[in-house]
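Colleague: Need coordinates for the following:
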Amino acid sequence: MWWLNFVVVAKALSPHVSVNAREVVSLHRDPDVLLLHDVLTAGECEELIETALSQGLERSPVAYAGWTKDVAELGRLWASGPGIWLGLCAVLVAFNVFGMQDKPHLAAVAAGTWTATTAAATAAAGAFAQHRAQGLIQLRTSSSVALQSGPSPPELKIMRRLAACLPTSTPAQFEALTVIRYEPGQSLAPHFDANRVPEEDLRRGGQTLATLLVYLTDHLSGGGETRFNRLDLDVSPNRGQACLFFPADAEGTFDPRLEHEGRPLLGSDDKWIARVWVHASRVECGGLPPATLAALGGGS
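Modeller: Numbers count the residues shown, from 1 in each chain. The predicted structure is shown next:
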């Protein structure tokens, strides 16, 4: 039947990705959200969980994507508005109160006031960005660990499946596999995986082009869905399946439609997932371990 075998274009890729009912299902088009079947067996899922527990999990970090743009924008708004008015006010005070009439001196007063107030505003914007970054930490209540001990069969299986879906990327662009645990009541608030400024996180390979979430546990009692609010799409966690989506396009353009969250769990079971981020270039810090890269054939 022709409708079981068609072609879908994923934004972060140049070639097409074959989609069929047995291996890959298109959950949403433009932007693309794909569901991958049979990524891992139940035993392989358990092996990854045991590996994560043996390496030790810590509170999951949260990055403030777009902080450089926010600081630059706040500084620009100040410099083009209040900064100019304060400079003019300083000139009026110098002229009317202190009797200063020399034009070069008045210009120096205006320039000095503008420079000082703009620098102060930019510093305040930077402090605001740091405060916001600290606030974001409260949005993620999970624990996690990036696997850096070398390749295991489940890890290699995930990476090979991902590489097959991303023919224009190499394993050198993959971050290390991160195993994440959500306990009952824990969740992940709405967020973006990509940065509004592609130049951020250059050591991590720059912009995030693709996200793969492999579900390591089932949740028959409900909850724990990956929720794409702007697409009105829920992806339920089913052990061994994976969700693949593209937070930015091949040029690194941020896609706000891929905002997503991890819904709270219902019931008493933990939720476990394994995540891989794929970046625009080679990941220098936090990439795949050398032994894993070698097993996958390297890549540059």
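Colleague: Tell me the buried residues in whichever strand or helix holds residue 48?
Modeller: Using DSSP states H and E, residue 48 sits in helix 42-55. The neighbour-count criterion (16 or more other CB atoms under 10 Å) identifies 44-49, 51-52 as the buried residues of helix 42-55. Using the backbone N, CA and C atoms, a C-beta is placed for each residue, glycine as well.
Colleague: ok, of those residues, which one's closest to residue 180?
Modeller: For the buried residues of helix 42-55, the minimum distance to residue 180 (CB to CB) is 8.5 Å, reached by residue 52.
Colleague: Can you give me the distance of that closest one to residue 280?
Modeller: Relative to residue 280, residue 52 is positioned 27 Å away (CB to CB, to the nearest Å).
Colleague: ok, now residue 192?
Modeller: Separation of residue 192 from residue 280 (CB to CB) stands at 15 Å.
Colleague: what about the helices in this protein?
Modeller: Per DSSP state H, the chain carries helices over the ranges 42-55, 67-80, 82-96, 103-137, 153-165, 290-295.
Colleague: I'd like to know which elements the shortest one is packed against.
Modeller: It refers to helix 290-295. If you count contacts as 3 or more CB pairs under 8 Å, 6 or more residues apart in numbering; DSSP states H and E, helix 290-295 packs onto helix 153-165.
Colleague: which regions of this protein lie under the pLDDT threshold?
Modeller: Residue ranges of the chain with pLDDT under 70: 1-18, 20-21, 61-140, 198-200, 299-300.
Colleague: again, only using 80
Modeller: The chain contains residues with pLDDT under 80 at 1-22, 60-141, 197-203, 220-221, 298-300.
Colleague: can you count the residues close to the closest residue to residue 203 other than its chain neighbours?
Modeller: Distances taken as CB to CB, 6 or more residues apart in numbering put residue 285 closest to residue 203, at 4.2 Å, once the chain neighbours are dropped. Around residue 285 there are 10 other residues, counting by other CB atoms under 10 Å.
Colleague: Can you tell me how far residue 285 is from residue 56?
Modeller: Using CB to CB, residue 285 is found at 20 Å from residue 56.
Colleague: What lies in contact with the helix holding residue 48?
Modeller: Helix 42-55 has contacts (CB atoms under 8 Å, 6 or more residues apart in numbering) with 40, 144-145, 147, 149, 152-155, 157, 177, 179, 181, 216-217, 239-240, 272, 274.
Colleague: buried subset of the residues you listed?
Modeller: Buried, going by 16+ other CB under 10 Å: 40, 144-145, 147, 152, 154-155, 157, 177, 179, 181, 216-217, 239-240, 272, 274, out of these.
Colleague: would you turn the buried residues of helix 42-55 into a markdown table with distance to residue 196?
Modeller: Compiled in a markdown table, those are given as follows (distance: CB to CB, whole Å):
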| residue | distance to residue 196 |
| --- | --- |
| 44 | 36 |
| 45 | 34 |
| 46 | 38 |
| 47 | 37 |
| 48 | 32 |
| 49 | 34 |
| 51 | 34 |
| 52 | 31 |
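Colleague: which one of those residues is nearest residue 226?
Modeller: The closest of the buried residues of helix 42-55 to residue 226 turns out to be residue 45 (CB to CB; 16.5 Å).
Colleague: how about the strands in the stretch 151-300 of the chain?
Modeller: With DSSP state E, counting those that start in this stretch as the criterion, the stretch 151-300 of the chain has strands at 178-182, 188-191, 208-215, 226-228, 233-235, 242-245, 260-262, 271-279.
Colleague: Surely residue 23 touches residue 36?
Modeller: Yes - using CB atoms under 8 Å, residue 23 makes contact with residue 36 at a distance of 7.0 Å.
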